[in-house]
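Asks: Sequence plus predicted model, see below.
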Amino acid sequence: MGKPGIDFPGLGTGLAILRDGKLLLYKRLKAPEAGYWSIVGGKVDHMEPASAAATREAEEESGLSIGQIDYLCTTEVIVEADRQHWISLIYICKDFSGDARLVEPDKLSDFGWFGRDELPEPLSAFAQAAIAHLREDDFH
């Protein structure tokens, strides 16, 4: 049947989590875009709504309890270096509880909260898409 994103375009999801004008980013250890800073997210499972997948992935990766999320944008990412192709529905969240932590050290190596003027490099295509759609007041 093949693997999503590798043998055929995969459907992914991401969540831009904001607190006090800062965006939560994690550094990825695995393809696509290993070594890049990205928003939390992952693959949408069959019969799983993308918004539910965004919440699930965010909670698995960050340890936060996610409340209300809202649709932000859709992005298509083709990573030639990894031969991966993803279409992702990106959501935004300011309603959550708990403290972010490194829950999956086999997938993610570091994390932090970053303002628009202090974003780490390199930024993943998924993070760049989310940031491009965030309003100026999201970072205040």
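Replies: Looks like it arrived, so ask away.

Asks: the strands in this protein, which residues?
Replies: For the chain, strands defined by DSSP state E occupy the ranges 10-19, 22-28, 37-38, 40-43, 65-66, 70-79, 84-93, 96-97, 108-114.

Asks: Show me the one of these that comes nearest residue 122.
Replies: strand 37-38 (6.9 Å; Cβ to Cβ). All C-beta atoms are positioned from the backbone trio N, CA, C, and that covers glycine.

Asks: Let me have the strands of the chain in a markdown table, adding mean neighbour count and distance to residue 1 as columns.
Replies: Below are the strands of the chain laid out as a markdown table (neighbours: other Cβ atoms under 10 Å; distance: least, Cβ to Cβ, whole Å):
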| stretch | mean neighbour count | distance to residue 1 |
| --- | --- | --- |
| strand 10-19 | 24 | 13 |
| strand 22-28 | 22 | 25 |
| strand 37-38 | 22 | 27 |
| strand 40-43 | 22 | 14 |
| strand 65-66 | 16 | 30 |
| strand 70-79 | 15 | 21 |
| strand 84-93 | 22 | 16 |
| strand 96-97 | 14 | 35 |
| strand 108-114 | 16 | 27 |
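
Asks: Send over the lengthiest helix in the chain as PDB, restricted to the C-alpha atoms.
Replies: Ranked by residue count and defined by DSSP state H, the top helix of the chain is helix 50-62. Taking Å, rounded to 0.1, in the frame of the first residue of the first chain, the C-alpha atoms of helix 50-62 are listed here in PDB:
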ATOM      1  CA  ALA A  50      -7.700  16.700  10.900                       C
ATOM      2  CA  SER A  51      -8.500  19.000  13.900                       C
ATOM      3  CA  ALA A  52      -8.600  16.000  16.200                       C
ATOM      4  CA  ALA A  53      -5.300  14.900  14.800                       C
ATOM      5  CA  ALA A  54      -3.800  18.300  15.400                       C
ATOM      6  CA  THR A  55      -4.900  18.200  19.100                       C
ATOM      7  CA  ARG A  56      -3.700  14.600  19.500                       C
ATOM      8  CA  GLU A  57      -0.300  15.200  18.000                       C
ATOM      9  CA  ALA A  58       0.200  18.400  19.900                       C
ATOM     10  CA  GLU A  59      -0.600  16.700  23.200                       C
ATOM     11  CA  GLU A  60       1.700  13.700  22.400                       C
ATOM     12  CA  GLU A  61       4.600  16.000  21.500                       C
ATOM     13  CA  SER A  62       4.300  18.800  24.000                       C
END
